[in-house]
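Enquirer: kindly return the folded structure for what I paste below:
(2 chains)
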Amino acid sequence: MGRISFSRKSLGIPYALFLAIFVVAPLLVLIYYAFTNGQGQFTLSNLTGFFTNPNTLGTLCYSFAISITTTAVCLLLAYPTAYILAKSRLKAKSVIVMIFIMPMWINFSLRITALKEILTLIENNLAFYPFLNAVIGMTYDFLPFMILPIYNTIVKLDESLLEAARDLGADEREAFLKVTLPLSIPGIVSGIAMVFLPAMTNYVVLDMLYNSTYIMGSLIGSYFAAYNWNGGSMIALILLAIICLFTLLTRGMEEEDNPRGGALL
Amino acid sequence: MMKKVWKGAVIIFVLLFLYLPILVLAVYSFTDATQIGAIRGFSLKNYVTLFTTPELRDMILGTIALAFSAAAIATLLGTMGAIGSFYSGKRVSSAISTVNQVPVVNADVVTGFSICILLVVVLGVSKDTFIPLLAGHVTLCAPFVFLSVVPKLKQMDSSIYEAALDLGATPAKALRKIVIPQIMPGIVSGFALAVTLSLDDYFVATYTKPATFDTISTYVVNATKGSQTTIKTALWALSTVIFAVVILIVVLMNLRAQKETAERAGV
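Expert: I've put the predicted structure just below:
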């Protein structure tokens, strides 16, 4: 028996090595670069530099502003959509949901190109509304990732809970606010996780829509272009810290299925 | 009554928002217009350009080749990892799952940048070898394969595997004949997911690719900054082709799912 279980366990060795080399090692290197200067000497200046420079702090704020607005807009559009779809009595519900998820599989740069053409037609000059366009672009890109987890949670809700609420005298509105909404929080949290972080980093959407203001992702891009590995590593670490904080705050609240893969599983 | 109207309005608004740009682009891809809004005649010139320009053809084929090779490696590694960690002790398996989460929750910019730093800056691997690019895409995809295989392992009936051993199968044969077939749906969806992730990626590719190679994403992003209108409108055609392929795949998947449900109902 010892030999048998060894042979099955050992299948995991290549993947464990792979994770060590391509996930753990790059993170360690990132930490090393973030806390050294170009000559390899230990320094905190990359960190203090970020938090004392008004430009980088401004970038952080602008990223948060774009992220929070995008997440809010996505939620406002996705929740009613997911709710209506989940509650509909249509037979082909799963097919209809698929229609809302499908854009996720079309290359995002091509979709943003399409959006850009439409926005140019409407606004004439994209440069006049940089913030609005960035939010529209991000929403357009990430909306399916918000709809899917919320739909998945609502569709799984136990209908009898709502019946019980009604039997106990709750009207439609109360039943929704006290039963459906609290129980759909896992889906909302998953959706937020899928939108909030990418919206802080996906600087290509801004670039393509002629918004030249930096977000956190663009800082990495510009340090990369300047071969400044130390500065770029520090930004990457700060982003990682934000991601960790977010994960800790929402621990255990998320939907189990990862929305990025949910539609296919 | 009012409520129904509202519901319809929300659904139609979201659908229009999601599809109008792609559809308008699709219509204009069949004209010789260089700009949306101009009314021009029917033309297939964008499709001719798309399929006959060597630069575009290489970029498309390169992207597909990269996606399938990265997905194949990721599927092999991720599946083995999932099986290995499933049968390992609690500490090993939770360590693997935790590290596995890192690329999943991490921003792609950070994943791409950190792999570039390790492989290119520290270890001096040339980007022209395609190794950093392939490694980056495998890192992006393998964790998702892992995540789609693990639930299938948990649902599996472990007594069948033991029965196979009792009946004299070697562990390797029991794994091949019993475990793999049971987790196959997870492996297949993991592979499909890996392909779509690689096809959609911009950030990992941009930090790890050879200077002379482009994926669809990096190409499109650079092309929108340029002013070559023939390329720009040929990309409308590409967008339309991809849209059509995605619709086709979704329809096929649905037909298959319907057939399966019908078969199951028949039994």
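Enquirer: flag the shaky bits of chain B, pLDDT-wise.
Expert: B:1-2, B:266-267 (pLDDT under 70).
Enquirer: give me that answer again for 80
Expert: B:1-3, B:35-40, B:225-228, B:257-258, B:260-267 (pLDDT under 80).
Enquirer: all helices of it, in order?
Expert: For chain B, applying DSSP state H gives helices covering B:2-29, B:45-52, B:54-87, B:90-105, B:108-116, B:131-155, B:158-166, B:171-174, B:180-200, B:203-208, B:216-225, B:229-266.
Enquirer: who's in contact with the residue of the stretch 1-150 of chain B found nearest chain A?
Expert: Nearest residue of the stretch 1-150 of chain B to chain A (CB to the nearest CB) works out as residue B:84 at 1.8 Å. Just so you know, the C-beta spots here come from the backbone N, C-alpha and C atoms, and that holds for glycine as well. Residues near residue B:84 by CB atoms under 8 Å, 6 or more residues apart in numbering or on different chains: A:8-13, A:15-16, B:96.
Enquirer: just the closest of those to residue B:178, please.
Expert: residue A:8 (11.7 Å; CB to CB).
Enquirer: what about that closest one, how many neighbours?
Expert: 19 (other CB atoms under 10 Å in any protein chain shown).
Enquirer: nearest residue to it other than its sequence neighbours?
Expert: residue B:87 (4.1 Å; CB to CB, 6 or more residues apart in numbering or on different chains).
Enquirer: now that neighbour: how far from residue B:167?
Expert: 20 Å (CB to CB, to the nearest Å).
Enquirer: so the two - more neighbours on which side?
Expert: Neighbour totals were compared for residue B:87 and residue B:167, and residue B:87 leads with 22 against 8 (other CB under 10 Å).
Enquirer: distance of the more buried one relative to residue A:173?
Expert: For residue B:87 relative to residue A:173 (CB to CB), the value is 51 Å.
Enquirer: in chain B, which residue is most central in space?
Expert: residue B:196 (1.2 Å; CA atoms, centre = their mean).
Enquirer: nearest residue to residue A:20 other than its sequence neighbours?
Expert: Setting aside the residues directly before and after it, residue A:20 is nearest to residue B:99 in space (CB to CB, 6+ apart), at 7.8 Å.
Enquirer: how about the residues of the stretch 151-267 of chain B by chain A?
Expert: B:151, B:165, B:171-172, B:175, B:186, B:189-190, B:192-193, B:196-197, B:199-200, B:202-203, B:207, B:216-217, B:220-221, B:224-225, B:235-236, B:238-239, B:242-243, B:246-247, B:249-250, B:254, B:257 (CB under 8 Å from any CB of the partner chain).
Enquirer: picking that back up, quick check: closest non-adjacent residue to the residue nearest to the centre of chain B.
Expert: Nearest non-adjacent residue to residue B:196, counting by CB to CB, 6+ apart: residue A:105, 5.5 Å away.
Enquirer: ok, residue B:49 next?
Expert: Going by CB to CB, 6+ apart, residue B:49 has residue B:234 as its nearest residue, at 4.1 Å.
Enquirer: most packed of the helices of chain B?
Expert: helix B:108-116 (a mean of 28; mean count of other CB atoms under 10 Å in any protein chain shown).
Enquirer: how far does it sit from its chain's centre?
Expert: Centroid separation for helix B:108-116 versus its chain: 18 Å, with CA atoms, centre = their mean, to the nearest Å.
Enquirer: go on, stretch A:154-161?
Expert: That offset, for stretch A:154-161, works out to 26 Å (CA atoms, centre = their mean).
Enquirer: how about that stretch: buried residues?
Expert: A:154-155, A:157 (16 or more other CB atoms under 10 Å in any protein chain shown).
Enquirer: which one of these is nearest to chain B?
Expert: residue A:154 (14.1 Å).
Enquirer: what's the separation between the closest one and residue A:70?
Expert: Distance from residue A:154 to residue A:70, by CB to CB: 22 Å.
Enquirer: what's around residue A:86, how many residues?
Expert: Residue A:86: 20 surrounding residues under other CB under 10 Å.
Enquirer: quick one: pLDDT of it?
Expert: With respect to pLDDT, residue A:86 scores 90.
Enquirer: gap between the two ends of stretch A:222-238?
Expert: 16 Å (CA to CA, to the nearest Å).
Enquirer: the helix or strand hosting residue A:217 vs helix B:108-116, what angle?
Expert: Counting by DSSP states H and E, the element that carries residue A:217 is helix A:216-225. Helix A:216-225 and helix B:108-116 are oriented at 20 degrees to each other (axes from the mean of the first three to the mean of the last three CA atoms, to 10 degrees).
Enquirer: just after helix A:216-225, pick out the following helix or strand.
Expert: Per DSSP H and E, the first helix or strand lying C-terminal to helix A:216-225 is helix A:229-249.
Enquirer: that next one: which residues count as buried?
Expert: Buried, per 16+ other CB under 10 Å, within helix A:229-249: A:229-240, A:242-243, A:246.
Enquirer: check those against chain B, which are close?
Expert: Answer for the buried residues of helix A:229-249 near chain B (CB under 8 Å from any CB): A:229, A:232-233, A:236, A:239-240, A:243.
Enquirer: which one among those sits at the bottom for pLDDT?
Expert: The member of these with the lowest pLDDT is residue A:243, at 88.
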